[in-house]
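S.K.: Show me how the following folds:
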Amino acid sequence: MSGPTDDVFVAFPAPIERLGTATLVRSTLLVSSLQSVRKRNLSETYLRLLPGEHHAVVQSMIAGQWVPMKLAEAHYEACEGLGFSATAAHEIGREVGDRIQGTFLAAMVRMVGTVGVTPWTALSHAQRLFERVLRGGGGLSVLKRGPKDARVHFVGVPLCRLPYFRFALAGVFEAAADLFCIKSYAKEVAGSATETAIVFQISWA
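M.R.: This next block holds a predicted model:
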């Protein structure tokens, strides 16, 4: 998915064939996602869509834990079943991004500082942020396509097969980038999604 003028800004942490797939997800992401479901009065429908074996864990889940990818997949499959449009899922992702500014994104701000930073400064720490949210495998790379134009390649993330997750994650990217610019835009690159990978186009002003 790269072009002849792309420059590698952040390389994958290892050869792709050695990255494997993520097996754990930070519960903070799921807890925040559930808040958006509750905000829309969809909790009962969500629980009907979520396999019963996960009800007790989801209803007692707190932020800051590591949970199995199987649970994250069940959660996002239930969210997929709620029938959100791409626009609505993207907006939920922005809400999630805004909420987790106090955890993951705030950590990024501390890493990069606040003086003279741009989204490029933040993107230079993208792999570290990935590892705060996902463990056990997978990784990302960032290609520089122009002064304010990047592509982020996610690999080894089983959630990428779900359109809801991809649309929401684009919203999380926007919320993060907006900390360092006037306005950002994030969307998946058409045709890039696989069972475990996705490419996002991110630009900003």
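S.K.: Check whether residue 194 really touches residue 159, as I assumed.
M.R.: No. Applying CB atoms under 8 Å as the test, residue 194 and residue 159 come out as separate, 11.8 Å apart. Backbone N, C-alpha and C define where each C-beta goes, glycine included.
S.K.: ok, those two, which is more surrounded?
M.R.: Under the neighbour definition other CB atoms under 10 Å, residue 194 and residue 159 were set side by side, and residue 159 has more, 24 against 11.
S.K.: residues contacting that one?
M.R.: By CB atoms under 8 Å, 6 or more residues apart in numbering, residue 159 lies in contact with 25, 69, 72, 73, 76, 165.
S.K.: What pLDDT is listed against it?
M.R.: With respect to pLDDT, residue 159 scores 98.
S.K.: One more: residue 51?
M.R.: The predicted local distance difference test score for residue 51 is 98.
S.K.: Please name the residues that touch it.
M.R.: residue 74 are the contacts of residue 51 under CB under 8 Å, 6+ apart.
S.K.: so where's the chain shaky on pLDDT?
M.R.: Across the chain, the stretches falling below the confidence threshold (pLDDT under 70) are 1-5, 102-116.
S.K.: Can you tell me which residue is spatially central in it?
M.R.: Within the chain, the residue whose C-alpha comes closest to the C-alpha centroid is residue 169; the distance, by CA atoms, centre = their mean, is 3.9 Å.
S.K.: Flag every buried residue along whichever strand or helix holds that one.
M.R.: Using DSSP states H and E, residue 169 sits within helix 163-177. Neighbour counts over helix 163-177 (16 or more other CB atoms under 10 Å) mark 164-177 as buried.
S.K.: Stretch 188-200 now?
M.R.: Going by neighbour count (16+ other CB under 10 Å), the buried part of stretch 188-200 is 188, 192, 193, 196, 197, 198, 199, 200.
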